[in-house]
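**Q** model this:
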Amino acid sequence: MKRDHYSRSARNAFSGLDLNRKPLLPGNPTSWEEFLALNNSSFVAVRGDEILFDPAGTDPLLLDARMLGGCDHAFLQPMLLGDDGQTTFFALNVDRMPASLAQCLAGLGTFARLRQHVATMSGKIASLLGYACFAAGWQSQTRFCSLCGHPTVSKPSSLAQCCTNPSCAAEHFPRINPAMIVLVHHPEKDMCLLGRQSSWKPRVYSALAGYVEPGESAEDAVLREVMEETGIRVRDIRYHSSQPWPFSSSLMLGFHALAENLDIHLDDRELEDARWFPRQEIPGLLEKGDLALPSTETIARHLFDAWIQGDLGD
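**A** Sure thing, here's the model as predicted:
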């Protein structure tokens, strides 16, 4: 198994999407009608963190111009995702549509949470749908210009949102929120540090995570967050991989780190619990149901599995 940084990140869900994100489209289309006229176009309908699936709710429903023929096109505002050499992909944000148009799209299939289906999808389709989910979320968060307060509209052939105020005309481009996530372990004791939040399902424990704050490197954030949440000092911070996380517009930067002390001082404002899990006890805890790990689409699970397998990064 390859262990370079790219191959590690490409194994994370929603990663490894190979698209030309700035394709030269035939005729340089600027209107919905021109987008419809393109050959081999495919549209992903997004509603919050849900994706349009087929009526049975089993497979993602990628729409073509023919399937959209019965819907009013005036307010679709397709967002260009990119081209894979055969198909040009767009995202359609249902949350920013008139009710009649949203109902028309919903009538073509059924909406379901993307996370519930990721494990059964190919890596390519999961990455595409995650990207569409991020694009729609960005559009929903940018309804108004942050400079003058006027409404925004989508810029054709782009993810940019444009201010409708002629005297402003600002263009707003997508932003991501960098966040670190780290699996802390103690090499002499051969155990790892996991924490849980009160909102999680019972007995689920995960790696520690937090947003990178202004004036910090990602490694600075690792040091600060682990100390703030658990009172554990860490060293030898090693980058492992990254993962785009569409549900909070985040880029998760995954690390391993070694603990310098063992005494946990819990910050209960952020974590309900944190504890050390010896490697040899983990299989028994999982079997008895006393411990549950993050789901397989998360980078937290990949960091844990990498520790188990000895793939700790550079």
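**Q** Strands along the protein, start to end?
**A** Assigned by DSSP state E, the chain shows strands spanning 41-47, 50-53, 79-83, 88-93, 110-113, 152-154, 161-163, 171-172, 177-186, 191-196, 208-211, 234-245, 250-259, 273-278.
**Q** would JSON lines of those strands with distance to residue 265 and mean neighbour count be doable?
**A** C-beta here means a position set from N, CA and C on the backbone, and glycine is covered the same way. Conversion of the strands of the chain to JSON lines gives the following (distance: least, C-beta to C-beta, whole Å; neighbours: other C-beta atoms under 10 Å):
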{"stretch": "strand 41-47", "distance to residue 265": "42", "mean neighbour count": "24"}
{"stretch": "strand 50-53", "distance to residue 265": "40", "mean neighbour count": "22"}
{"stretch": "strand 79-83", "distance to residue 265": "45", "mean neighbour count": "22"}
{"stretch": "strand 88-93", "distance to residue 265": "44", "mean neighbour count": "25"}
{"stretch": "strand 110-113", "distance to residue 265": "36", "mean neighbour count": "16"}
{"stretch": "strand 152-154", "distance to residue 265": "46", "mean neighbour count": "18"}
{"stretch": "strand 161-163", "distance to residue 265": "44", "mean neighbour count": "22"}
{"stretch": "strand 171-172", "distance to residue 265": "42", "mean neighbour count": "16"}
{"stretch": "strand 177-186", "distance to residue 265": "14", "mean neighbour count": "22"}
{"stretch": "strand 191-196", "distance to residue 265": "12", "mean neighbour count": "22"}
{"stretch": "strand 208-211", "distance to residue 265": "14", "mean neighbour count": "20"}
{"stretch": "strand 234-245", "distance to residue 265": "14", "mean neighbour count": "19"}
{"stretch": "strand 250-259", "distance to residue 265": "13", "mean neighbour count": "22"}
{"stretch": "strand 273-278", "distance to residue 265": "9", "mean neighbour count": "16"}
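**Q** do you know which of those strands lies nearest residue 23?
**A** The closest of the strands of the chain to residue 23 is strand 79-83. By C-beta to C-beta, the value is 3.8 Å.
**Q** Quick check: buried residues in stretch 213-229?
**A** 216, 218-219, 221-223, 225-226, 229 (16 or more other C-beta atoms under 10 Å).
**Q** Save the strands of the chain as JSON lines, and put in distance to residue 134 and mean pLDDT too.
**A** As requested, the strands of the chain are exported to JSON lines (distance: least, C-beta to C-beta, whole Å; pLDDT from 0 to 100):
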{"stretch": "strand 41-47", "distance to residue 134": "9", "mean pLDDT": "93"}
{"stretch": "strand 50-53", "distance to residue 134": "12", "mean pLDDT": "96"}
{"stretch": "strand 79-83", "distance to residue 134": "10", "mean pLDDT": "90"}
{"stretch": "strand 88-93", "distance to residue 134": "9", "mean pLDDT": "92"}
{"stretch": "strand 110-113", "distance to residue 134": "15", "mean pLDDT": "94"}
{"stretch": "strand 152-154", "distance to residue 134": "15", "mean pLDDT": "89"}
{"stretch": "strand 161-163", "distance to residue 134": "14", "mean pLDDT": "94"}
{"stretch": "strand 171-172", "distance to residue 134": "15", "mean pLDDT": "95"}
{"stretch": "strand 177-186", "distance to residue 134": "11", "mean pLDDT": "97"}
{"stretch": "strand 191-196", "distance to residue 134": "26", "mean pLDDT": "97"}
{"stretch": "strand 208-211", "distance to residue 134": "16", "mean pLDDT": "97"}
{"stretch": "strand 234-245", "distance to residue 134": "7", "mean pLDDT": "96"}
{"stretch": "strand 250-259", "distance to residue 134": "9", "mean pLDDT": "97"}
{"stretch": "strand 273-278", "distance to residue 134": "30", "mean pLDDT": "96"}
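**Q** Take the ones you listed and write them to JSON lines, including distance to residue 307.
**A** Putting the strands of the chain into JSON lines (distance: least, C-beta to C-beta, whole Å) gives the following:
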{"stretch": "strand 41-47", "distance to residue 307": "34"}
{"stretch": "strand 50-53", "distance to residue 307": "32"}
{"stretch": "strand 79-83", "distance to residue 307": "34"}
{"stretch": "strand 88-93", "distance to residue 307": "36"}
{"stretch": "strand 110-113", "distance to residue 307": "29"}
{"stretch": "strand 152-154", "distance to residue 307": "43"}
{"stretch": "strand 161-163", "distance to residue 307": "41"}
{"stretch": "strand 171-172", "distance to residue 307": "40"}
{"stretch": "strand 177-186", "distance to residue 307": "6"}
{"stretch": "strand 191-196", "distance to residue 307": "6"}
{"stretch": "strand 208-211", "distance to residue 307": "13"}
{"stretch": "strand 234-245", "distance to residue 307": "9"}
{"stretch": "strand 250-259", "distance to residue 307": "7"}
{"stretch": "strand 273-278", "distance to residue 307": "10"}
